[in-house]
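> Here is my input; please provide its structure:
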Amino acid sequence: MNIAIRHTRQSAQGEGGRLPKAMPIDLSNLALLDKNGKPTRVGFKIEDGKKVRVAKTTGEAI
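Numbers count the residues shown, from 1 in each chain. As a prediction, the model looks like this:
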């Protein structure tokens, strides 16, 4: 998904040049899918004294 180009020097162990490297993706850039397969934002509700994550589009608990 998130590929960055890393420039490396040549060494005895490996070849140098431009090497692709997988980088992590920040959680804020991800979206959960609801039951319809559409992306949704996440909200929070208090149910029975517990904090529960809910989908903003449908209002259902995740």
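
> CA atoms for contacts and neighbours, from now on please.
Fine.

> What residue, apart from its backbone neighbours, is nearest Leu19 spatially?
Sequence neighbours aside, Arg6 is the residue nearest to Leu19 in space, at 5.2 Å (criterion: Cα to Cα, 6 or more residues apart in numbering).

> what sits against that neighbour?
Listed by Cα atoms under 8 Å, 6 or more residues apart in numbering, the contact set of Arg6 reads 18-21.

> Retrieve the pLDDT associated with Ala55.
pLDDT recorded at Ala55 is 90.

> Tell me, how many residues neighbour it?
Ala55 sits with 19 neighbouring residues when counted by other Cα atoms under 10 Å.

> With Gly49 instead?
Residues near Gly49, counting by other Cα under 10 Å, number 7.

> ok, now the one 10 residues further on?
Residues contacting Gly59 under the criterion other Cα under 10 Å number 14.

> Can you verify it is assigned to a strand?
No - Gly59: not assigned to a strand; according to DSSP: H, G, I helix; E, B strand; the rest coil it is coil.

> on that earlier part again, what's the distance between the residue nearest to Leu19 and Lys45?
Arg6 is 43 Å from Lys45, where distance means Cα to Cα, to the nearest Å.

> Same question for Ile5.
42 Å.

> Could I get the contacting residues of the closest residue to Ala22 other than its chain neighbours?
With sequence-adjacent residues excluded and distances taken as Cα to Cα, 6+ apart, Ala22 is closest to Ile3, at 4.7 Å. Taking Cα under 8 Å, 6+ apart as the criterion, Ile3 is in contact with 20-23.

> Pretty sure Ala4 sits against Met23.
Yes - using Cα atoms under 8 Å, Ala4 is in contact with Met23, at 6.6 Å.

> how far away is the residue nearest to Ala22 from Ile25?
10 Å.

> outside of the lowest-mean-pLDDT helix or strand in the chain, which residues touch it?
Ranked by mean pLDDT, DSSP states H and E, the weakest helix or strand in the chain is strand 32-33, scoring a mean of 89. Defining contact as Cα under 8 Å, 6+ apart, one finds that strand 32-33 is touched by 39-42.

> where exactly do the strands run in the protein?
Along the chain, counting by DSSP state E, strands occupy 3-8, 17-22, 32-33, 39-40, 42-47, 50-55.
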